[in-house]
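**Q** I'll drop the sequence and a predicted model, then ask my questions.
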Amino acid sequence: MSGPERTANDAGSAGDAPTTATVTAGTVRELLVDLVSIPSPSGEERACAERLAEFFAAHGREAWLDEAGNVRAPADDAVLLTSHVDTVPGEIPVRVEREDGDETLWGRGSVDATGPLAALAAAAVETGASFAGVVREETDSAGARHLVETRSAPGAVVNGEPSGWDGLTLGYRGLLSGTYVATSESGHSSRPGNNAIQDALEWWNRVRAVFEGGAEEWTPVFERVTPKPVAFDGGPSADGLSVEATMEVQFRVPPALTTEEVRELADGELNGGTVGWHDAIEPTMGSPRTPVARAFRAAIRRAGGEPRPLRKTGTSDMNLYADAWDCPMVTYGPGDSELDHAPNERLALDEFDRSVAVLTDVAATLTEADG
């Protein structure tokens, strides 16, 4: 199911009454199981996105797949409910296990982030809020980048990622990625001078010392720069005349710094080799006093919980939304984030039901306040 690209803003016309529909708990659970059962690794989301669009159409809402593959279901733009359709690779047999009256859904994406995606979709249908399911969050966030390029800012954003039904995530560290490349003349390994592999390793050790040596033991991880090599390749060139080294590196960036400041510090340690920098995503830290954060605290308490404000050490599409749109936002969704990408990824269905209730309460509060 696809349609023409919309422009500027996905919201309905001014004065239009939002289309709402009742969604039963059984229907929402069926949607969740269907979405988890459809493999949707980054770049292969279409079948899952089409099932999601069909859910909206079945409840009287216009929905289409845009040119990036995102599911767009425009409506009341007081709040945009959005999560990602894609998952990381890995097959986990999809099943619902029952024990002592509790039900748990196993499957890739049940936590990250198909559970939040399905819960947000249900809340959007119930309240008439705008919705977007975006693609490729697990790789290059192409869906979120396309979304911010093709619509204006909503009144608020709820981004779907696992926080637990009683948690709300206010901040994420940023991300800076780069590729280090060095080349040296080939020579006997007995010679004392550095080859390209040594240059690469020495650069990385100096970089680690800059960022890890400057952090006190008691400094929370969220407030530190975390340097991490994610791939390395080195050895003689194909013609045997040189030694080559390539290292893929990532830095998680706390809100106290910018990606540019981290880049400059890393570049300052170069002594041979170069770094090509790419995929710079700025950190974000929202206020707990915004209307959307207050709505979540009140909804969680009405559901019998005690709100837990969270800061995540990773990066999400919320970073991109915060950089592009000047509006309040929170990340929320059912699931234990410790199970993200794990071989035992699973979601308690009672927690999923609670999160749907909280999200519906929050979306209703925000759309009514805007009315």
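**A** Received it, and whenever you're ready, just let me know what you need.
**Q** the spatially most central residue of the chain and residue 283, how far apart?
**A** Geometric centre of the chain, nearest residue: residue 316, 3.1 Å, by C-alpha atoms, centre = their mean. Computed as C-beta to C-beta, to the nearest Å, the residue 316 to residue 283 distance reads 11 Å. Every residue, glycine included, has its C-beta placed from N, CA and C.
**Q** how many neighbours does the closest residue in space to residue 347 that isn't next to it in sequence have?
**A** In space, and not counting its chain neighbours, residue 347 is closest to residue 110: 4.1 Å by C-beta to C-beta, 6 or more residues apart in numbering. Neighbours of residue 110 under the rule other C-beta atoms under 10 Å: 29.
**Q** find the nearest non-adjacent residue to residue 142, please.
**A** In space, residue 142 comes closest to residue 136 once its chain neighbours are excluded; the distance is 4.3 Å by C-beta to C-beta, 6+ apart.
**Q** does that neighbour touch residue 88 like I think?
**A** No. At 11.5 Å, residue 136 does not count as touching residue 88 under the criterion of C-beta atoms under 8 Å.
**Q** between these two, who's got more neighbours?
**A** Neighbour count, other C-beta under 10 Å: between residue 136 and residue 88, residue 136 has more, with 23 against 15.
**Q** residues contacting the more buried one?
**A** 42-43, 45, 69, 84, 86, 142-143 (C-beta atoms under 8 Å, 6 or more residues apart in numbering).
**Q** that one: what secondary structure?
**A** Following DSSP: H, G, I helix; E, B strand; the rest coil, the label given to residue 136 is coil.
**Q** next, show the common contact partners of residue 136 and residue 88.
**A** Here residue 136 and residue 88 have residue 42 as joint contacts, going by C-beta under 8 Å, 6+ apart.
**Q** write the PyMOL selection for whichever of the contacts of residue 136 are buried.
**A** Applied in PyMOL, the following selects the buried portion of the contacts of residue 136 according to 16 or more other C-beta atoms under 10 Å:
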select buried, resi 42+45+69+84+86+142+143
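**Q** may I ask which two of the contacts of residue 136 are separated the most?
**A** 43 and 84 (12.5 Å; C-beta to C-beta).
**Q** what sits in contact with each of these two?
**A** With C-beta under 8 Å, 6+ apart, residue 43 and residue 84 have common neighbours 135-136.
**Q** so who does the spatially closest residue to residue 124 that is not a sequence neighbour touch?
**A** Computed as C-beta to C-beta, 6+ apart, the closest residue to residue 124 that is not its neighbour in sequence is residue 131, at 3.8 Å. Applying C-beta under 8 Å, 6+ apart to residue 131 gives the contacts 56, 63, 71-73, 75, 80-82, 120-121, 124.
**Q** compare those and tell me which has the most neighbours.
**A** Highest neighbour count within the contacts of residue 131: residue 124, with 33 neighbours (other C-beta under 10 Å).
**Q** doesn't it lie inside a helix?
**A** Yes. Applying three-state DSSP, one finds residue 124 inside a helix.
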